[in-house]
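**Q** Provided below are the primary sequence and the corresponding predicted coordinates.
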Amino acid sequence: MFDLVITSGKVVSPTATSELDVGIQGKEIAALGKPGSFVAQAKRVVDATDLYVLPGVIDTHTHTSHESHGHPSQGFSVASVAAAYGGTTTFIDVNTTHRSPPAPTVLESLQRPRAEADGRVAVEYSLHAVLWHGAIQQIDPPERFIKEVREVINYGVPSFKVFMLSRVAKADDGLLFGLLKETASQGGIVMVHAENAALARYFTDQLISEGKTSAQYLPQGRPNIVEEEAVRLLAFLVKETGGAVYIAHLSSHEGLAAAAEARAMGLPIYCETCPHYLAFTDEVYSGDKAIEYVVFPPIRSSADQSALWNGVIDGTIDCISTDNMTRYLWAKKEESEGKPFNEMRGSFGQIETRLAYMYSEGVAKGRITVNRLVELTSTNAARIFGLYPRRGIIAVGSDADIVLLDPKVKKKITSPELHMGLDFTIFEGWTFTGWPVMTILKGKIIVEQGRYIGSQSDGEFIKRKIDRGILGKGGRP
């Protein structure tokens, strides 16, 4: 007997789309077969005719802490339910809970959000180890942080997030070099917010001195060279150390070109971009709703947008993630009032809309195949961050984390109908073609017919182990 059979759906992998039955026993996929072959053996059957059967979506870049910048945010409980509605069954969080007071060790900085999340998460989650304000101030010399790498990786967290910006916590060249070298030997990867701090400060100070402080000047204060220089420095450091880098929220034509050049040399540099860079241009900063679109790096020109879509199509971009850090619009405005653009609060919620956006704007419009969609939203993330093949693929022995997507559904986006607990969405009024209609986590249906029917304790912390055979060869994962 199978506990659950998904019958007659279009099962999608990065390389093929096949009409199959998926037989699930317990938490795992137990069998794949011809349509109808398992129905008689099933305790429950889900008819997926005309639906796509996708591996559960993985978001490699979220910010879900209750303490996010000291203001009410969605928290793990609300974020994980919204993730489930959007087809996301695993997310990896960039935690910030150790900022105040600063955690004495990196390991403790991971234990704090776990205490906040465990038992209150609707889907699977993991964490990135983060070097943040308090931590960098306490590390003297920075070798102390580097010496913790092995312990943190053994804890099940092989990815380390650092920032090249002074506003947050600038990781200088020495720290980057040491961290890349150590993670290369221990089986880790470094996730980087790649913007040159000195250049950003130069352009920003120049604008502010001229009285140009409103949100419309944000792209000018962080021009493309700020990202390009950072990516080129990372490529040099990767070449010298043998480390691997994952560039978060890539936003510019020049940054993408620099990453592509490094990849052509066989360097293990991986790239994500986010829906907001694909959906909007810097024209959003000229309107009366500019504050809604403040994000770092900023949304850029139509030329950058086109280049990023090309990267999505040709494989230079590996993952589509959200940088999901939500804040109520009133709070975002309140926190930014009277401040120059570089001190405004940037963030918005996308964890529920990411898969649907990419299907609607990517697959439905003929830009990418549904197979490429699976690569971008699930398989590549699993391979890069140590979740494959338990996740990221529909295969016998893999976890039964599955989302059914109906390509015929047309849904108009309005914030009250979403589940992120927010009072605005940057996609307000958009109509998406294609929408996730069922989410299955470890063999259990948790979203069905527009209703969340799971439990806040369904999810758990996932320990990860990166396959250096994937990261060491460079190129596509």
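**A** Ah, there it is. Numbering: from 1, shown residues only.
**Q** Show me where the stretch 1-150 of the chain has its strands.
**A** 4-12, 17-25, 28-33, 45-47, 52-55, 57-62, 88-94, 124-130 (DSSP state E, counting those that start in this stretch).
**Q** which stretch among these comes nearest residue 457?
**A** strand 124-130 (12.1 Å; Cβ to Cβ). In short, each C-beta sits where N, CA and C put it, glycine included.
**Q** surely residue 37 meets residue 22?
**A** No: look at residue 37 against residue 22 with Cβ atoms under 8 Å: they stay out of range, at 10.8 Å.
**Q** between the two, which one's more packed in?
**A** Counted by other Cβ atoms under 10 Å, residue 37 and residue 22 do not tie: residue 22 has more neighbours, with 26 against 15.
**Q** What sits closest to that one if chain neighbours are left out?
**A** Leaving aside its sequence neighbours, residue 22 sits nearest to residue 6 (Cβ to Cβ, 6 or more residues apart in numbering; 4.3 Å).
**Q** show me what contacts the one you found?
**A** Shown in contact with residue 6 (Cβ atoms under 8 Å, 6 or more residues apart in numbering): 21, 22, 24, 46, 48, 53, 402, 404.
**Q** what about residue 462, distance to residue 384?
**A** According to Cβ to Cβ, to the nearest Å, residue 462 stands 14 Å off from residue 384.
**Q** Which element is encountered next along the chain beyond the top helix by length along the chain?
**A** As assigned by DSSP state H, the longest helix anywhere in the chain is helix 224-241. As assigned by DSSP states H and E, the chain's next helix or strand after helix 224-241 is strand 245-247.
**Q** Can you report how many residues neighbour residue 53?
**A** 26.
**Q** for it, what are its contacts?
**A** By Cβ under 8 Å, 6+ apart, the neighbours of residue 53 are 6, 9, 10, 11, 12, 20, 22, 394, 402, 403, 404.
**Q** Once you drop chain neighbours, what's closest to it?
**A** residue 9 (3.9 Å).
**Q** wait, isn't that neighbour in contact with residue 54?
**A** No: here residue 9 does not reach residue 54: they are 9.4 Å apart, not a contact under Cβ under 8 Å.
**Q** Touching both of these two, which residues are there?
**A** Residues touching both residue 9 and residue 54 (Cβ under 8 Å, 6+ apart) are residue 404.
**Q** who does the residue nearest to residue 22 bridge with?
**A** As for beta bridges, residue 6 partners with residue 22, residue 46 under DSSP bridges.
**Q** Check the secondary structure at the residue nearest to residue 149 when sequence neighbours are not counted for me.
**A** Distance criterion Cβ to Cβ, 6+ apart; nearest residue to residue 149, sequence neighbours excluded, is residue 182 at 4.6 Å. Classification of residue 182 using DSSP: H, G, I helix; E, B strand; the rest coil returns helix.
**Q** Can you report how many residues lie near residue 182?
**A** Residue 182, neighbours per other Cβ under 10 Å, totals 22.
**Q** Which one of residue 462 and residue 384 is surrounded by more residues?
**A** Neighbours were counted for residue 462 and for residue 384 using other Cβ under 10 Å; residue 384 has more, 27 against 20.
**Q** pretty sure that one is in contact with residue 467, am I right?
**A** No: counting by Cβ under 8 Å, residue 384 does not reach residue 467; the two are 9.4 Å apart.
**Q** for the closest residue to residue 295 other than its chain neighbours, what are its contacts?
**A** Nearest non-adjacent residue to residue 295, counting by Cβ to Cβ, 6+ apart: residue 346, 4.2 Å away. Applying Cβ under 8 Å, 6+ apart to residue 346 gives the contacts 294, 295, 296.
**Q** repeat for residue 470
**A** By Cβ under 8 Å, 6+ apart, the neighbours of residue 470 are 383, 384, 477.
**Q** rerun that using 6 Å as the cut-off
**A** Applying Cβ atoms under 6 Å, 6 or more residues apart in numbering, we find residue 470 in contact with 383, 477.
**Q** Please tell me how far the helix or strand harbouring it is from the chain's geometric centre.
**A** For residue 470, the host element (DSSP H and E) is helix 468-471. With Cα atoms, centre = their mean, to the nearest Å as the basis, helix 468-471 stands 20 Å off its chain's centre.
**Q** Mind exporting the C-alpha coordinates of it to CSV?
**A** Extracted in CSV, the C-alpha atoms of helix 468-471 (Å, rounded to 0.1, in the frame of the first residue of the first chain):
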residue,chain,number,x,y,z
ARG,A,468,32.5,19.4,-2.7
GLY,A,469,32.5,17.4,-5.9
ILE,A,470,29.8,19.8,-7.1
LEU,A,471,31.3,23.0,-5.9
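**Q** burial measure for residue 411, as a count.
**A** Quick note: residue 411 (other Cβ under 10 Å) scores 16 neighbours.
**Q** Check for me that it belongs to a strand.
**A** Yes: with three-state DSSP as the criterion, residue 411 is assigned to a strand.
**Q** In this structure it contacts residue 432, no?
**A** Yes: using Cβ atoms under 6 Å, residue 411 makes contact with residue 432 at a distance of 5.2 Å.
**Q** quick one: residue 207 and residue 20, what's the gap?
**A** On the measure of Cβ to Cβ, residue 207 and residue 20 end up 56 Å apart.
**Q** which of these two has more neighbours?
**A** Neighbour comparison, residue 207 and residue 20: the larger count goes to residue 20, with 22 against 19 (by other Cβ under 10 Å).
**Q** contacting residues around the spatially closest residue to the more buried one that is not a sequence neighbour?
**A** Nearest residue to residue 20, sequence neighbours excluded (Cβ to Cβ, 6+ apart): residue 11, at 4.5 Å. Each residue near residue 11 by Cβ under 6 Å, 6+ apart is listed here: 18, 20, 53, 394.
**Q** Which of the three states applies to the last one?
**A** The three-state label given to residue 394 by three-state DSSP is coil.
**Q** tell me the contacts of it?
**A** So residue 394 contacts 11, 55 (Cβ under 6 Å, 6+ apart).
**Q** can you rerun that using 10 Å?
**A** 6, 9, 11-13, 18, 20, 22, 29, 32, 53-56, 374, 378, 400-402 (Cβ atoms under 10 Å, 6 or more residues apart in numbering).
**Q** quick revisit: any idea how far the residue nearest to residue 20 lies from residue 370?
**A** Taking Cβ to Cβ, one finds residue 11 at 11 Å from residue 370.
**Q** picking up where we left off before, right, so of the strands of the stretch 1-150 of the chain, which gets closest to residue 422?
**A** Counting by Cβ to Cβ, residue 422 lies closest to strand 57-62 out of the strands of the stretch 1-150 of the chain; the figure is 14.2 Å.
**Q** which secondary structure elements does the closest one contact?
**A** On a contact count with 3 or more Cβ pairs under 10 Å, 6 or more residues apart in numbering; DSSP states H and E, strand 57-62 meets helix 75-85, strand 88-94, strand 124-130, strand 269-273, strand 319-320, helix 354-358, helix 380-384.
**Q** The longest helix of the chain: how far from the chain's middle?
**A** In terms of Cα atoms, centre = their mean, the centre of helix 224-241 is found 21 Å from the chain centre.
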